[in-house]
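>>> Please find the sequence and the predicted model below.
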Amino acid sequence: MPAVTRLGHVGLFVKDTEIMLDFYSNFLGMTVTDRDERRVFLSARPEEEHHELLLAKNEERHTDPQQLSFHVQNLADLRQFYAEIVERKYEVDHISNHGNAIGCYFRDPEGNRVEVYWPTGINWPQPFSEPIDLHLSEAELMKVLDDMVAA
């Protein structure tokens, strides 16, 4: 069984992204690495990790107050985690190709949102998300990434 290598990032759903951005960037000194109208990506180590914190606007805040995202060593480990998640019947939310990572989003036994992800090494602007099938072979998955780089 593979093991996660570290906590990669945490996602917080917030009512006011600008107030929270001021706190995490101006007060705590984190660097904004990407953003759109609804999400802000921040990192204390932008040269090493694209984001360690994601702030996502959700005015209702009645769903998913957080997301824990864990880094895995390689694509094989991610695929093995996915197989175990399915075997254990944890609820899979979705699997995404973010360009810079491939992530499997699922629910822990108490319903908290968890992601296991493998960083691809591709510098890709965020936010970006396309569905991807982890049932594809490793070669087929790598071709998807190679085609992105080529484009």
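It's in.
>>> Now do the longest strand seen in the chain: which elements does it pack against?
Looking across the chain with DSSP state E, the single longest strand is strand 6-14. Counting contacts by 3 or more C-beta pairs under 8 Å, 6 or more residues apart in numbering; DSSP states H and E, strand 6-14 is packed against strand 53-57, strand 66-71, strand 113-119. (C-beta placed from N, C-alpha, C; glycine too.)
>>> model confidence over the first one, on average?
The average of the pLDDT scores along strand 53-57 is 91.
>>> can you pull the buried residues of stretch 18-32?
By neighbour count with 16 or more other C-beta atoms under 10 Å, stretch 18-32 contains the buried residues Met20, Leu21, Tyr24, Ser25, Met30.
>>> I'd like those residues written out as a markdown table, with pLDDT and secondary structure added.
Putting the buried residues of stretch 18-32 into a markdown table (pLDDT from 0 to 100; DSSP: H, G, I helix; E, B strand; the rest coil) gives the following:
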| residue | pLDDT | secondary structure |
| --- | --- | --- |
| Met20 | 89 | helix |
| Leu21 | 92 | helix |
| Tyr24 | 89 | helix |
| Ser25 | 93 | helix |
| Met30 | 92 | coil |
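>>> Phi and psi next, for the residue of the chain most remote from its centre.
What lies farthest from the middle of the chain is Phe27; by C-alpha atoms, centre = their mean that is 24.3 Å. Phe27 adopts backbone torsions of phi -80, psi -50, taken as degrees, to the nearest 10.
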